[in-house]
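Undergrad: Fold the following and give me the result.
(one chain, ligands or ions: 1)
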Amino acid sequence: MPQTQGQVVTVGVSGASGAILAQKALQLLDGDPRVARVHLVVTETGQRLFAEELGISSGDLKQLPSRILGRPAAKIEILPNTDVGASIASGSSEVDSMLVVPCSMGTLASIAGGISDDLVARAADVMLKEGRKLVLCVRDTPFSRIHLENMLRAQQAGAVIMPAIPAFYHQPRTIDDLVTQYICRVLAQIGLPQEKMYRWTGQGAAKKAEA
Ligand SMILES: Cc1cc2nc3c(=O)[nH]c(=O)nc-3n(C[C@H](O)[C@H](O)[C@H](O)COP(=O)(O)O)c2cc1C
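TA: Residues are numbered from 1 along each chain as shown. The predicted structure is shown next:
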């Protein structure tokens, strides 16, 4: 069991649409006093998506966390995806939970198939074999039978499948409203419930939504 005070979280970012989801998760984790450290691993296509969707280029990889946050990163350490010998590639590492956000169908297939040929897939494999929390924010549409079978396989091995599907019951007005609610739900899955998260309260909330 990890000894560090505060959670140690790995965030894998793969090449599915939704770099803004990774950005929001990293902003909230970096600013969360309950979090001690964040290991960040971004696949090659994940880096491309940061550039294409958010205009954030990788350049010097070490500076990527600060560029993603738009401020100096206090707790985020970036690890090269090629380094399958990094600390998080071992079950002996102090990692409590891992998010893959967004999770491409390619990375999902690697995880579901146990193909640990890059650090994102290996770190996820470690979470499953150690019985620790792994949340896969899968994103594509529509899903093929292969995608669905891979999701089932990963879920049966212990992963939480959390498709990047926004909710609308909190009356979102902006993209940030959609993104924040979704990421708050993701962080709640790893034991980091957020004050910002809208909670459905039943009948009263329904009336408010109709108004
Ligand atoms: C602009 C762009 C958007 C993409 N969007 C998705 C997507 O939403 N879901 C997905 O599964 N793959 C998507 N892909 C394809 C993956 O990036 C591709 O399959 C890649 O090999 C995945 O590698 P990775 O999992 O190592 O990042 C996209 C690719 C590009 C360039």
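Undergrad: What about Ile20, how many residues nearby?
TA: 18 (other C-beta atoms under 10 Å). The way it works is simple: take the backbone N, C-alpha and C, and place the C-beta from them, glycine included.
Undergrad: Would you check how far apart Glu149 and Met105 are?
TA: Per C-beta to C-beta, to the nearest Å, Glu149 is found 11 Å from Met105.
Undergrad: Looking at the two, which one has more neighbours?
TA: Met105 (19 against 13).
Undergrad: Check that one and give its pLDDT.
TA: Per-residue pLDDT puts Met105 at 98.
Undergrad: Could you pull up the residues touching it?
TA: Applying C-beta atoms under 8 Å, 6 or more residues apart in numbering, one finds that Met105 lies in contact with Ala16, Val138, Asp140, Ile146, His147, Asn150.
Undergrad: Check what pLDDT the residue lying closest to Ile76 once chain neighbours are set aside gets.
TA: Distance criterion C-beta to C-beta, 6 or more residues apart in numbering; nearest residue to Ile76, sequence neighbours excluded, is Pro65 at 3.9 Å. According to the prediction, Pro65 has pLDDT 97.
Undergrad: I'd say Pro65 and Ile78 touch.
TA: Yes: counting by C-beta atoms under 8 Å, Pro65 does reach Ile78; the two are 5.6 Å apart.
Undergrad: and for those two, which residues touch both?
TA: In terms of C-beta under 8 Å, 6+ apart, Pro65 and Ile78 are both contacted by the residues Leu40.
Undergrad: and the residue of the chain found nearest the ligand, helix, strand or coil?
TA: Proximity of the chain to the ligand (C-beta to the nearest ligand atom) peaks at Gly15, 2.8 Å away. Secondary structure, DSSP: H, G, I helix; E, B strand; the rest coil: Gly15 is coil.
Undergrad: So it sits against Gly46, correct?
TA: Yes: between Gly15 and Gly46 there is a contact at 5.1 Å, judged by C-beta under 8 Å.
Undergrad: any idea which element Ala51 lies in?
TA: helix 44-54 (DSSP states H and E).
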